[in-house]
Each structure stands twice: as C-alpha cells, then as structure tokens.
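A.B. asks: fold the stuff below for me.
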Amino acid sequence: MPVPILKQGTYLIASVQSALTDADTERLQDDLMTYVSRYRAQGIIVDVTAIDVMDSFAARSLRTIAHMTKLRGAETVIVGLQPEVAFAMVQLGLTFEDMHTALDLEEGLSWLNKKTQSRSQRDGRDRGR
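C.D. replies: Numbering: from 1, shown residues only. Below you'll find the predicted structure:
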C-alpha cells in the first residue's frame, strides 16, 4: 500500500500507516524525491507512529531518505517512534544518530520551523554580502 504524502506549506508529511514491505519502502523513497523536486519542499516529516516493528532495511531506508532529501535542500525529521521500536532498534545497533527525530508531529513541525527559519535568515545574510 502506498504511503500517503501530504503537502503542508513548504513541508511534506508522509504518514506510514502500517509496516512497509521492501517494495513499499523503495516506493516511498522515490515518491518523496519526486515530491521534493515538484513542490520545492524545505522539510519532510515521516510519521512512523503506526509502525510497531521496524527492520534494518526500513531503518536504513529512512536514513537514506534523510540523506537524499538533504542533498536536495530539504530537512527530514522522523516522528512517532514507539518506545518498543526504539528499544529494539538500539538492541540491534540501528540508530538515527545523523538525523533528527521528534516525539510527535507537533514537535517535528516545530523543529522544521526553527530549522528552516534559521536557514532563511542565514541565506538572507549571505545574499547581502
């Protein structure tokens, strides 16, 4: 089942509704890259609240999404990791140390707002030089 991706201003919100197959995960990567380009998104939220199991392929894929979209100019935040999923990931040595996570959608939006606001202020100063 494809993951719905909503556009909210300059952000994209991908809400994962159930455990993803490898094919679903690859489709999510492709869809997000297409949408980032089409909508010139500055931020992406991947909401994994509904996932109660995450395998190593899915975890690596989320990291890949964050790296790919950052190269395209969009920040990515993963929200809604269940405590059991986080615990299992740590036990398996799977971490998101090089990407941002947030407790829920509201916190993820707040982080993106701060991140994109500081980026636009920095870009404005750079253009003034």
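
A.B. asks: please count neighbours and contacts with C-alpha atoms only from this point.
C.D. replies: Noted.

A.B. asks: list the buried residues of stretch 50-61.
C.D. replies: Going by neighbour count (16 or more other Cα atoms under 10 Å), the buried part of stretch 50-61 is 51, 53-55, 58-59, 61.

A.B. asks: so how far is that stretch off the chain centroid?
C.D. replies: Put simply, stretch 50-61 sits 13 Å off its chain's centre (Cα atoms, centre = their mean, to the nearest Å).

A.B. asks: out of the buried residues of stretch 50-61, who's nearest Leu20?
C.D. replies: Ala58 (7.5 Å; Cα to Cα).

A.B. asks: surely that closest one touches Thr25?
C.D. replies: Yes: contact between Ala58 and Thr25 holds when scored by Cα atoms under 8 Å: they sit 6.7 Å apart.

A.B. asks: and the buried residues of stretch 50-61, which is closest to Leu12?
C.D. replies: Ser61 (17.2 Å).
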